[in-house]
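[1] Whatever this is, show me its structure:
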Amino acid sequence: MKRNWIWAFLLAILFCALLGVSVYSYWDHQTVSVSENRMLTELPELNRDTWFSGGFAMQAEDFVSDHAMFRSDFIAVAQQIEVLIERESDMKLVSRDVDIGVDIDSVDPNIAQTAGSDNAATDQSGDANAAGNGDNAEEADTQQDYLILDDRILSLYVYSESSAQYFVKTINTCFNIVPDYVNKYLLLAPSRIEFEAADLKQYSDPQKPVIDMVYQNVDSLVRTVDCYTPLSQQDVNETYYRTDHHWSQFGAYFAAKAFFETAGVDYVPIEQYDKLTGKPFLGYLYAQNNTVATSLKDYPDTLDYYLYQGINNKEIYYTNAEDGSYLEAEDVMIDPARQGYYTFLQSSCTYLILVGSKTDGSCLLVVGDSYADALVTWFAQSYERIILLDPREYEEGQTGFLNMVRNMGVTDFLIINHVNDLEHVYFTSQIENLTLEAEE
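    Residues are numbered from 1 along each chain as shown. The predicted structure follows:
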């Protein structure tokens, strides 16, 4: 019996020794915890005094705790969970496939990423009618998923392979019908969610791979504009609005600069512009979700706008008349009285002509979504004329489109979309209408 006790004691000593060697081999040898902002406990000194006073045992316990294997990793995870708990209590997901206003902690992130994927999408043959007909089709196809926080709303992107391929096919056709003497450019703009923290981005499909895919498959004569990189280097709170789905004029500058550098066009740097501030505003995203985003009214967006030496270029815009002709009117390029993002261009029209400051015969034709509005304000000092065409309103088809290119002396042609529009085939189908003959 006594011999068994001795063997048990020796085995316990051996186990403790092996455990000690293992801990010593794998412990965290850091002396400072940056995340906790404190010094870590050092290995205690073993002597007669520390042993009999109990100091060695207490310090050894703290030492083992501070240098346990993967301790720093566990702390990082715990801190991330704490942040998520704080954030998620204020987060809600609004989705076409999830009940409106549902608490985010009850939603699998994959729901946001798959919600509506390929819904209302065309097949890969590019049948524009797959989205339906008329205004109802537009409304159904452009429904958006949102992530709502106390101080901002984020539009989520849902990747659709068929929609992306349809977009590539459509823009290639559009570029190919434009005469080769015209310089051709494509710019895809990421939305705000792409530059948010990872714990928010997880509810949205990544946009950079989609941009890369489109750029790799566009016609070789088309020059692609990388605005993703410069935007990723800026403060997202300055380059994008919080209550609206658009970029700010400041954010659009970095896309314009990327365009100028790609095209080899001279431009005026932002440092030479005057920065002015209009009235705070609550944007489109707030208007769409104000019953859920009740706290957002306390966080209006700041409206900053830029003018070069006080020059506010003239804008001539054209709207469809009932007899098939156009009604012509004039305005100024930037008018804060229009409020919010509408400050940038009077764009509620079929097309507009922005009278630039150059006198060299240069003419840039831009076809795109509303991200173009803030963008083209930066072109006014680099071109003689800028034409902004809204394909959703244009009814003259390919013949009218090509006549515009020839008759207005277009030298450069740019298609611009923000990535979320690739999710919606309706807008792509309107670009496709520029390549088809108009219906009688």
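[2] which residues touch T377?
    Neighbouring residues of T377 by Cβ atoms under 8 Å, 6 or more residues apart in numbering: Q249, A252, Y306, M333, I334, F344, L345. Quick note: C-beta positions are derived from backbone N, CA and C, even for glycine.
[3] So which of these belong to helices?
    Using DSSP state H, Q249, A252 are the members of those that sit in helices.
[4] Which single one of the contacts of T377 is nearest to S65?
    Comparing these against S65 with Cβ to Cβ picks out A252 as the nearest, at 52.4 Å.
[5] neighbours around the closest one, how many?
    A252 has 26 neighbours, counted by other Cβ atoms under 10 Å.
[6] show me the residues around it that make contact.
    Counted by Cβ under 8 Å, 6+ apart, A252 has contacts Y371, A374, L375, T377, W378.
[7] do you know how far the fourth one is from A164?
    Shown here: T377 relative to A164, a distance of 29 Å by Cβ to Cβ, to the nearest Å.
[8] now the third one
    Note on L375: its distance to A164, by Cβ to Cβ, is 22 Å.
[9] got it, and the second one?
    Look at A374 and A164: by Cβ to Cβ, they are 24 Å apart.
[10] ok, back up a step: go ahead and build a PyMOL selection from the buried members of the contacts of T377.
    Filtering these down to the buried ones (16 or more other Cβ atoms under 10 Å) takes a single PyMOL command:
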select buried, resi 249+252+306+333+334+344+345
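[11] and of the contacts of T377, the nearest to D145?
    A252 (24.0 Å).
[12] Low-confidence bits of the stretch 1-150 of the chain, can you list those?
    Along the stretch 1-150 of the chain, the parts satisfying pLDDT under 70 run over 1-5, 8, 16-64, 66-90, 95-143.
[13] Show the contacting residues for the nearest residue to K184 once chain neighbours are set aside.
    Leaving out its chain neighbours, the residue that sits closest to K184 by Cβ to Cβ, 6 or more residues apart in numbering is V222, at 4.7 Å. The contact partners of V222, taken as Cβ under 8 Å, 6+ apart, are F175, K184, Y185, L186.
[14] Got the phi and psi for V222?
    Main-chain torsions, V222, degrees, to the nearest 10: phi -90, psi 130.
[15] what separates it from M213, distance-wise?
    Per Cβ to Cβ, V222 is found 14 Å from M213.
[16] among the contacts of A252, which are in helices?
    Those of these lying in helices (DSSP H): Y371, A374, L375.
[17] now the residues you listed: which count as buried?
    Neighbour counting with 16+ other Cβ under 10 Å marks Y371, A374, L375 as buried within the ones in helices among the contacts of A252.
[18] Would you confirm that the second one contacts Y342?
    No - when contacts are counted by Cβ atoms under 8 Å, A374 is not listed as touching Y342 (10.7 Å).
[19] I6: which element?
    In the assignment (DSSP states H and E), I6 maps to helix 2-26.
[20] ditto for Y146
    Assigned by DSSP H and E, Y146 falls in strand 145-148.
[21] Following element in sequence after the strand or helix carrying S163, please.
    Under the criterion of DSSP H and E, S163 resides in helix 161-177. Next helix or strand after helix 161-177 toward the C-terminus (DSSP H and E): strand 183-189.
[22] Give me the contacts around that following strand.
    With Cβ under 8 Å, 6+ apart as the test, strand 183-189 has contacts from 171, 175, 178, 210-211, 214-215, 218-219, 221-225, 227, 231, 247, 255, 258-259, 262-263, 371, 375, 411-419, 422.
[23] Identify each buried residue in that strand, please.
    N183, K184, Y185, L186, L187, L188, A189.
[24] Quick one: residues contacting the residue nearest to the last one when sequence neighbours are not counted.
    Excluding its sequence neighbours, the residue lying closest to A189 (Cβ to Cβ, 6+ apart) is H418, at 4.3 Å. For H418, the contact set (Cβ under 8 Å, 6+ apart) comprises L188, A189, P190, S191, W247, D369, Y371.
[25] quick one: which of those is nearest K314?
    The closest of the contacts of H418 to K314 turns out to be Y371 (Cβ to Cβ; 22.4 Å).
[26] For the closest residue to that closest one other than its chain neighbours, what are phi and psi?
    Using Cβ to Cβ, 6+ apart and skipping residues adjacent in sequence, the residue nearest Y371 is H418, 4.5 Å away. Dihedral angles of H418 (phi, psi; degrees, to the nearest 10) stand at phi -90, psi 150.
[27] Ok, G356 next?
    Torsion angles, degrees, to the nearest 10, at G356: phi -80, psi 180.
[28] which element is the closest residue to it other than its chain neighbours on?
    Of all residues not flanking G356 in the chain, Y383 sits nearest, at 4.4 Å (Cβ to Cβ, 6+ apart). Using DSSP H and E, Y383 falls within no helix or strand.
[29] ok, Y383 - contacts?
    V265, G356, K358, S362, C363, L364, D412.
[30] these two touch, right, the fifth one and D412?
    Yes - C363 sits in contact with D412 when judged by Cβ under 8 Å, with a separation of 7.2 Å.
[31] isn't S362 right up against R385?
    Yes - under the criterion of Cβ under 8 Å, S362 makes contact with R385 at 7.5 Å.
[32] list residues touching both of those two?
    G356.
[33] measure the residue nearest to Y371 to L231 for me?
    11 Å.
[34] Pull up the overlap in contacts between the two.
    Residues touching both H418 and L231 (Cβ under 8 Å, 6+ apart): A189, P190, W247.
[35] Look up which residues are beta-bridged to the last one.
    Just to be clear, that refers to W247. Assessed by DSSP bridges, W247 has beta-bridge partners Y240.
[36] Low-confidence regions, the stretch 301-440 of the chain specifically.
    Ranges of the stretch 301-440 of the chain meeting pLDDT under 70: 440.
[37] Show the residue spans covered by the helices in it.
    371-376, 397-407, 425-433 (DSSP state H, counting those that start in this stretch).
[38] What are the contacting residues of the shortest one?
    Which is helix 371-376. 187, 189, 246-249, 251-252, 255-256, 259, 341, 344-345, 347, 354, 364, 366, 368, 386, 388, 416-418.
[39] Much appreciated, bye for now.
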